[in-house]
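**Student:** Turn this into a structure:
(one chain, ligands or ions: 1)
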Amino acid sequence: MAFDKKRKHSGEQSQAKRSQQKAGSKRQKTEKRVVPVDELPWQTVQVPEMFDDAEGFYGLEEIHGVDVVREGDVVKFVAAVPKGKAEKKDDDDGEEFEGFDDTPEEESTPVETKAKDRKKEPKAKKKEAKESKKEAKDGKKDAKEQKKPTPQPTEDPELVSNLFTSIDALPDVEPEEDVDTSEWAPLELSPDMMAAIGNLRFGKPTPIQAQAIPEIINGRDVIGKASTGSGKTLAFGIPIVESWLAKQAEEEKDEKRRPVAMILSPTRELAHQISDHLKKLCDGLTTSPYICSVTGGLAIQKQLRQLEKADIIIGTPGRLWEVISTENSIMNSIRAIDFLVVDEADRLLKDGQFKEAEDIIKALDRTQPGEEAEEDSDSDEEPTPKHNRQTLVFSATFNKALQQKLAGKARYNLMGEAESLEHLLKKLNFREKKPKFIDTNPVSQMAERLKEGLIHCGDLEKDLYLYAVLLLQPTRRALVFTNAINTVRRLTPFLQNLNLPAIALHSDMEQKARLRSLEKFKADPPKNANTGSSIQAPILVATDVAARGLDIPNVDLVIHYHVPRSADDYVHRSGRTARATQSGVSIMLCGPKEDIPTQRLIAKVHASSAAASGKSKKDLLGVQTIDIDRRLVSHLKPRVTLSKKITETTIAKEKGAKEDDWLKNAAEELGIELDEDEFEKVGSWKGKGSGKKQKEREAREVGKQEVQKWRWELRELLKKRVNTGVSEKYLNGVDVEGLLRGVRSEFLGQVEGLGL
Ligand SMILES: Nc1ncnc2c1ncn2[C@@H]1O[C@H](COP(=O)(O)OP(=O)(O)OP(=O)(O)O)[C@@H](O)[C@H]1O
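**Tutor:** Below you'll find the model as predicted:
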């Protein structure tokens, strides 16, 4: 049996993996031997920063090419080791294991072996890295030690080759050519920053970066609007890190450490992502700031310790307020920040979260004993902000009236409106009376390489059309948005029953489960062993908790199962695809009742592009109606009907079991004994009323055997290929772009129901 597993560990990026890449193509004769488990060269799997804190989950290591041999109750690991080395015995005779290889022996060529003490070196380094990480985790290490470690001397390639001969399994890694960053030159960034940007391989700044970075470096308060996926994070991230670098150069060595920036994010996932993004940028610096994220769902004590040494703080307002308001010393050091960033500001300003954001800002600006208040008590005017920080506000969407006002085109007074400029300036306490407004997409809010489509279907046909679109696009990583948590709970097993790898994400899930879902969705899909192509890309079924800011690589398709509640939600949801230089497709499933809100929504999103091109709003540029052949869709109906029945029955049974438990517990607490008949009566009383309740009750009464029969029938159906009928093509061969090319140009075509 081949052994290919992952285990927990607490180490840094594996020395082993890097060593493997450096070892080139040197090969060695090997033989298979039993190897103690701790001496196998485990390789660290890089997990994102967001897992750092997850209760005892420190990381993963993996190993390949090891056989597991079971002898009675004893399990042994057999790996290929260099020939001629004595086998390490169970009682440890002192002989060191020197490596393993999964390359066929006949391909191996001899290589010189090196002295034993040198062979131990990588292991020692790995241990050192683990210890250092652990200390950092405990918060015991001085923050300065969090900076980049001094580069270690490079490993002896021959030694590495001995230890990790499995390099033969890897393709030779060509050193990447340096990327030309000359287009960044006008921004006049420091050489260190230019190196970091080169390390990210970003050849040129995006428009929002090109415009916002110089303004921020020049000390301006900035309100930045740019389409989704256009690099807004680095538009504020680069100047912040630049400012930290400049401070490092000036600061006295023993000066007390204090944070330079605080970044507020509306969701936990986005906060972790911003933190990861900035850390990646700082990977290319010779010395890095300590970046810490403070979000709910993770231990407060630990976050307090991290805050003490933080240079850049990123957090959700609720948790940030909870943590900083309890600790005076932290609050005092945060008061001196140079930058306050509000990411996805329109959402933060609208949501209930603004209460905490406001508390934070008020606390930042509170006059300290000994400080003089600057305002003139006789004056009716707003007090001049006392602070010296810059305020940076970014989003892809801002209230239309606010945009007009910011652009100096407002035709009416906005005073009093919640989204007005006055309101924004007041709440965020900008330093400047008129912050610099940068709008890189005044015409279209949508990403440049995004194609938008619309599928009309009956209200009860959405599951069928969703399945059809996903089947037509097996290799596209898809994100399905719904307006309700219950729909996520239903659609996920519905798709899984149809053999599609659906993953759920909603705000009612525990934080750890939310992070796990995102990681699963980001993972590479399995490949077909024969063709090497991906079998079926993962599908994330989510509420709007995933709509803002998330930068998940290679999302090709966004499906709006429910029409979004607002035009802004549509923009942000659709913006999870076609990010940076990539292209993507966004498709809305629209039932008859949603026709009017959909028309309004599209008119709102595309009004400015229609106006700019001289066409009427009715032309609704950009969104095309997709006609999926109804005969094709009807071939899928039996599968969908079965999967729906299975899913709904299972959910109803689970729900029923919970309600029964609740009823029994309530009766027990009241001291009432319910016999089976009474219990049934109460149970059936619960079921009366709405048609939905009645259906649920019927579903609960379906026998286990019946459900098993449906499952069997569905399995049989899924084994068969589905013929598209008209074109005689099989489903796998069709793509949405093709569908979009062949669509009718008019908006909102009529489609008759299939009677599902
Ligand atoms: N100059 C650049 N060149 C190429 N890619 C870039 C550049 N700057 C950023 N990116 C990449 O673009 C992607 C989107 O960036 P980011 O998440 O900052 O977008 P955003 O504008 O904040 O999007 P949203 O509005 O959805 O939050 C990221 O993967 C990022 O690494």
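
**Student:** what residues does the stretch 201-350 of the chain put near the ligand?
**Tutor:** Residues of the stretch 201-350 of the chain lying close to the ligand (CB under 6 Å from any ligand atom) are 202, 205-206, 209, 226, 228-234. Every residue, glycine included, has its C-beta placed from N, CA and C.

**Student:** The residues you listed in helices, which ones?
**Tutor:** Among these, the members found in helices (DSSP state H) are 209, 232-234.

**Student:** pLDDT weak spots in the stretch 1-150 of the chain?
**Tutor:** For the stretch 1-150 of the chain, applying pLDDT under 70 flags the ranges 1-31, 38, 43-64, 68-75, 81-150.

**Student:** give me that answer again for 50
**Tutor:** For the stretch 1-150 of the chain, residues meeting the criterion pLDDT under 50 lie at 1-28, 50, 52-58, 85-150.

**Student:** Can you select the buried ones among the ones in helices among the residues of the stretch 201-350 of the chain next to the ligand for me in ChimeraX?
**Tutor:** One line in ChimeraX is enough to select the buried ones among those; burial here means 16 or more other CB atoms under 10 Å:
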select :209,232,233,234
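
**Student:** Report the two of the ones in helices among the residues of the stretch 201-350 of the chain next to the ligand separated the most.
**Tutor:** Greatest spacing in these, by CB to CB: 209 and 233 (9.6 Å).

**Student:** Which positions in the stretch 551-700 of the chain make contact with the ligand?
**Tutor:** Near the ligand, when you scan the stretch 551-700 of the chain using CB under 6 Å from any ligand atom, you find 551, 575, 579-580.

**Student:** List only buried entries from these.
**Tutor:** Buried members of these, counted by 16+ other CB under 10 Å: 551, 575, 579.

**Student:** Would you mind measuring from the second one to residue 199?
**Tutor:** If I follow you right, that is residue 575. Residue 575 is 26 Å from residue 199, where distance means CB to CB, to the nearest Å.

**Student:** cool, and the first one?
**Tutor:** Taking CB to CB as the measure, residue 551 and residue 199 are separated by 18 Å.

**Student:** same deal with residue 596?
**Tutor:** Applying CB to CB, the value for residue 596 to residue 199 is 50 Å.

**Student:** hey, where'd the helices end up in the stretch 501-650 of the chain?
**Tutor:** 511-522, 567-574, 595-612, 630-670 (DSSP state H, counting those that start in this stretch).

**Student:** Against which helices or strands is the shortest one packed?
**Tutor:** Contacts defined by 3 or more CB pairs under 8 Å, 6 or more residues apart in numbering; DSSP states H and E place helix 567-574 against strand 555-560, strand 584-590, helix 595-612.

**Student:** Touching the first one from outside, list them.
**Tutor:** Just to be clear, that refers to strand 555-560. For strand 555-560, contacts defined as CB atoms under 8 Å, 6 or more residues apart in numbering pick out 466, 469-470, 473, 476-481, 537, 570, 573-574, 576-577, 579, 584-589, 736.

**Student:** by how many degrees do that strand and helix 511-522 diverge?
**Tutor:** Orientation check (axes from the mean of the first three to the mean of the last three CA atoms, to 10 degrees): strand 555-560 against helix 511-522 gives 120 degrees.

**Student:** What of the second one?
**Tutor:** Between the axis of strand 584-590 and that of helix 511-522 there is an angle of 120 degrees, by the same axes, to 10 degrees.

**Student:** tell me what strand 584-590 is packed against?
**Tutor:** Using 3+ CB pairs under 8 Å, 6+ apart, the elements in contact with strand 584-590 are strand 450-456, helix 462-472, strand 555-560, helix 567-574, helix 736-741.

**Student:** mind giving me TSV with these and columns for distance to residue 343 and mean neighbour count?
**Tutor:** Below are those laid out as TSV (distance: least, CB to CB, whole Å; neighbours: other CB atoms under 10 Å):
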stretch	distance to residue 343	mean neighbour count
strand 450-456	21	23
helix 462-472	31	23
strand 555-560	20	24
helix 567-574	12	24
helix 736-741	31	15
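
**Student:** Could you tell me the least trusted of those?
**Tutor:** Note on the helices and strands packed on strand 584-590: helix 736-741 shows the lowest mean pLDDT, a mean of 52.

**Student:** how long is stretch 501-517 from one end to the other?
**Tutor:** Its start and end residues considered, stretch 501-517 measures 12 Å (CA to CA, to the nearest Å).

**Student:** and the residue nearest to residue 451 when sequence neighbours are not counted, how many neighbours does it have?
**Tutor:** Leaving aside its chain neighbours, residue 451 sits nearest to residue 585 (4.9 Å; criterion: CB to CB, 6 or more residues apart in numbering). By the measure other CB atoms under 10 Å, the count of residues near residue 585 is 26.

**Student:** got the residues of the stretch 351-500 of the chain near the ligand?
**Tutor:** So the stretch 351-500 of the chain meets the ligand at residue 396 (CB under 6 Å from any ligand atom).

**Student:** where along the stretch 351-500 of the chain do the helices fall?
**Tutor:** Under DSSP H, counting those that start in this stretch, the stretch 351-500 of the chain gives helices at 354-365, 400-406, 421-428, 462-472, 485-497.
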